[in-house]
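Enquirer: With the input below, show me the fold.
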Amino acid sequence: MEDNVLVEDDDDIEISNGKEVPFNDSNVGVRVASFFHRHGLRLLQRDEATGKSNVRALASLCVLVIVSVLNQADRWVLAVVLPYGMRCPHGTNGTCSNTTVAPFSGACLDSDGCINMDDTGQGLLTGTAFTAVYVVAGIPLGWLADKKSRVLVLVAGLTIWSLMCFCTAFVHDFWALLLLRMGLGLGEASCNPVAYALISDYFLPQNRATALAVFTIGIYVGGSVGYVCGALNHYICWRWTFRILGICGFVMIPVVLLVIREPKHQQEELVGKSKKESYTIKETVIYLATCWPYLMLLLAGSVRNLPGYALGGWLPTFFSLDLKEPGSVYGRNAAIVVLLGGCLGAILGGYIADRVGKRRREGRSYVIAVSQMLAAPAIIGTLLASNAHLSYFMLFLAYVTAETWIGPATAMVQDICMPAIRSQASAIYIAVITLLGGQGPLVVASFLESGNLSLFDKCFHGVRNALLFTVPTFYAVSAVLFVLVGLVMRHHLAKQSDSERAYLSVNNTDSSTV
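Expert: Residues are numbered from 1 along each chain as shown. Model prediction:
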């Protein structure tokens, strides 16, 4: 069968049977696409109506990655600046055993003021306050994205969360900050469900985990931006950090509108399933509630997400108290570790999962399980290291192994669900794993507030011990659950009819549509 890989609209250029027809040297999009083709990574979707490929997919993916960077940076910068100037050094009590905040090291003037809060307040701000609204808003926004323009839903969310981030620069009270964090959750709830659905329609199933893994790079780049902001907090006031991030979000709004277009839904419905164009929230919930692989994936993803939020909320405080790292040093080093380790882990996870998934669709789940078992000893080494340099190295290993899971797990959600409900299914998936996983910072805070001074006295490795009790344990439990997800998927696929399996086989092998 002829393998027509790429046809560019403007220049009528074709790459056929692996041979390139000369094209305009200035056409960067075609060059990039042909590069992917030559190296065996065929990501572009062909438009069956015109017979031409949508090169815009690559540009759209790049813009979505940038939006994801801002999404994550706005979310996690708070956890970084809290122990380095935003939270008052001594809370309201003034003793070490009642605070987990290092001495003030920021550049704010006294008139700018810090914000008083206890450990539970810090856990609420970095976890529950954000995730509660994120969950409530995510499902209806996912339904709206399936019914209306996904691009406009994304732009509306970007506008809201950028505004909330910008307004954080002017807050002086804990409760006002809490409300702004809730507003941030409302805006950011639109990002991932819309992006997952757009990417799934831009790219074909056999490369979907890789494409989604590329998108998840934004998580680690955004986390690195947050840590860099923590480093800058030694030189500029944390209020300017929020102003700058908010302005960057406003700048991206016209870029999103200009670059991203609504792709046509890929028609991947299995034989015997409804081909309705859209489903109500009730219909979607009923369908997903009877899909055991999806339900098991919700449980496994929730357990895995909990240690991620716990580390995001309390790791800066651990380095500040236990390893005595200054904010500027920690921010710089953590940014490098998160950027390199997280990106490497995400790309490796997507690549390995796609390779394994071509032979056995449930194999992606086993890839995740193995990676989480490897991550548990690495994070233990991070927390027990005798010095900061060793701790950073072990943290890098932990990120490379632990962060392989997001792309493959997200691809499994897309594989399980029909195109007409992908945004809703993604929104429910994100809502559930965020609601449960987002309690991670509060779980750590509950250990610190437990009154067990022999283990959780903050002056004597209390934060370290709380993280040791929480993070590696949930890594290991999630590994077991992902093995169960794979077994359930295998049983589910075995029950499908011969025609359904034939359909899946066609959609997981190369054909004339790339």
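Enquirer: residues of stretch 472-481 that come out buried?
Expert: Across stretch 472-481, burial judged by 16 or more other Cβ atoms under 10 Å covers Pro472, Phe474, Tyr475, Ala476, Val477, Ser478, Ala479, Leu481. Placement of C-beta: from N, CA and C, glycine included.
Enquirer: Now render these as CSV, adding secondary structure and pLDDT.
Expert: CSV is the format used below for the buried residues of stretch 472-481 (DSSP: H, G, I helix; E, B strand; the rest coil; pLDDT from 0 to 100):
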residue, secondary structure, pLDDT
Pro472, helix, 95
Phe474, helix, 95
Tyr475, helix, 96
Ala476, helix, 95
Val477, helix, 96
Ser478, helix, 95
Ala479, helix, 96
Leu481, helix, 95
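Enquirer: Pick out whichever of the residues you listed sits closest to Phe174.
Expert: Using Cβ to Cβ, Phe474 comes nearest to Phe174 of those, at 28.4 Å.
Enquirer: on that earlier part again, widest-spaced pair of the buried residues of stretch 472-481?
Expert: Between any two of these (Cβ to Cβ), the greatest distance is 15.1 Å, for Pro472 and Leu481.
Enquirer: so which strand or helix has Gly381?
Expert: Per DSSP states H and E: Gly381 is located in helix 363-384.
Enquirer: Would you mind checking the average pLDDT for that helix?
Expert: Averaged over helix 363-384, pLDDT sits at 94.
Enquirer: elements contacting it?
Expert: When contacts are defined as 3 or more Cβ pairs under 8 Å, 6 or more residues apart in numbering; DSSP states H and E, helix 363-384 packs onto helix 292-321, helix 327-359, helix 388-402, helix 406-416, helix 462-494.
Enquirer: buried ones in it?
Expert: By neighbour count on 16+ other Cβ under 10 Å, the buried set for helix 363-384 is 363-369, 371-383.
Enquirer: Please report how far the closest residue in space to Gly327 that isn't next to it in sequence lies from Gly222.
Expert: Take Gly327 and drop its neighbours on the chain: the residue closest to it by Cβ to Cβ, 6 or more residues apart in numbering is Tyr84, 3.6 Å away. From Tyr84 across to Gly222, the span is 19 Å (Cβ to Cβ, to the nearest Å).
Enquirer: Helix 388-402 and the helix holding Gly381, what's the angle between them?
Expert: Following axes from the mean of the first three to the mean of the last three Cα atoms, to 10 degrees, one obtains 170 degrees for the angle between helix 363-384 and helix 388-402.
Enquirer: Flag the shaky bits of the stretch 101-250 of the chain, pLDDT-wise.
Expert: For the stretch 101-250 of the chain, the stretches with pLDDT under 70 are 101-113, 206, 230.
Enquirer: Which parts of it are helices?
Expert: Using DSSP state H, counting those that start in this stretch, the helices of the stretch 101-250 of the chain run over residues 119-123, 129-147, 150-168, 174-188, 191-202, 208-232, 238-259.
Enquirer: Kindly state which of these is positioned closest to Val65.
Expert: Nearest to Val65, of all the helices of the stretch 101-250 of the chain, is helix 208-232, at 4.6 Å by Cβ to Cβ.
Enquirer: That closest one - contacts with which helices or strands?
Expert: Judged by 3+ Cβ pairs under 8 Å, 6+ apart, helix 208-232 is in contact with helix 56-81, helix 191-202, helix 238-259, helix 327-359, helix 406-416.
Enquirer: any chance of those in JSON lines, plus mean neighbour count and distance to His491?
Expert: JSON lines is the format used below for the helices and strands packed on helix 208-232 (neighbours: other Cβ atoms under 10 Å; distance: least, Cβ to Cβ, whole Å):
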{"stretch": "helix 56-81", "mean neighbour count": "23", "distance to His491": "34"}
{"stretch": "helix 191-202", "mean neighbour count": "26", "distance to His491": "24"}
{"stretch": "helix 238-259", "mean neighbour count": "17", "distance to His491": "41"}
{"stretch": "helix 327-359", "mean neighbour count": "21", "distance to His491": "17"}
{"stretch": "helix 406-416", "mean neighbour count": "26", "distance to His491": "14"}
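Enquirer: Now tabulate those in CSV and tack on distance to Thr128.
Expert: Putting the helices and strands packed on helix 208-232 into CSV (distance: least, Cβ to Cβ, whole Å) gives the following:
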stretch, distance to Thr128
helix 56-81, 13
helix 191-202, 19
helix 238-259, 20
helix 327-359, 23
helix 406-416, 21
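Enquirer: Of all these, which one comes closest to Thr131?
Expert: helix 56-81 (10.1 Å).
Enquirer: chain center to the closest one, what's the gap?
Expert: Once both centres are worked out by Cα atoms, centre = their mean, to the nearest Å, helix 56-81 turns out to sit 9 Å from its chain's centre.
Enquirer: same question, stretch 125-140
Expert: Distance, centroid of stretch 125-140 to centroid of chain: 14 Å (Cα atoms, centre = their mean).
Enquirer: let's number from 19 now, not from 1
Expert: All right, first residue 19 from here; so that's stretch 143-158.
Enquirer: Dump that stretch to PDB, keeping only the CA atoms.
Expert: Provided in PDB are the C-alpha atoms of stretch 143-158 (Å, rounded to 0.1, in the frame of the first residue of the first chain):
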ATOM      1  CA  LEU A 143      -2.900  26.300  49.900                       C
ATOM      2  CA  THR A 144      -0.500  23.900  48.100                       C
ATOM      3  CA  GLY A 145      -3.100  21.100  47.900                       C
ATOM      4  CA  THR A 146      -6.800  21.000  48.900                       C
ATOM      5  CA  ALA A 147      -7.800  24.600  48.200                       C
ATOM      6  CA  PHE A 148      -6.600  24.300  44.600                       C
ATOM      7  CA  THR A 149      -7.700  20.800  43.900                       C
ATOM      8  CA  ALA A 150     -11.200  21.100  45.300                       C
ATOM      9  CA  VAL A 151     -12.200  23.700  42.700                       C
ATOM     10  CA  TYR A 152     -10.000  22.100  40.100                       C
ATOM     11  CA  VAL A 153     -12.100  18.900  40.400                       C
ATOM     12  CA  VAL A 154     -15.500  20.600  40.600                       C
ATOM     13  CA  ALA A 155     -14.800  22.700  37.500                       C
ATOM     14  CA  GLY A 156     -13.000  20.100  35.500                       C
ATOM     15  CA  ILE A 157     -15.900  17.800  34.600                       C
ATOM     16  CA  PRO A 158     -18.400  20.400  33.300                       C
END
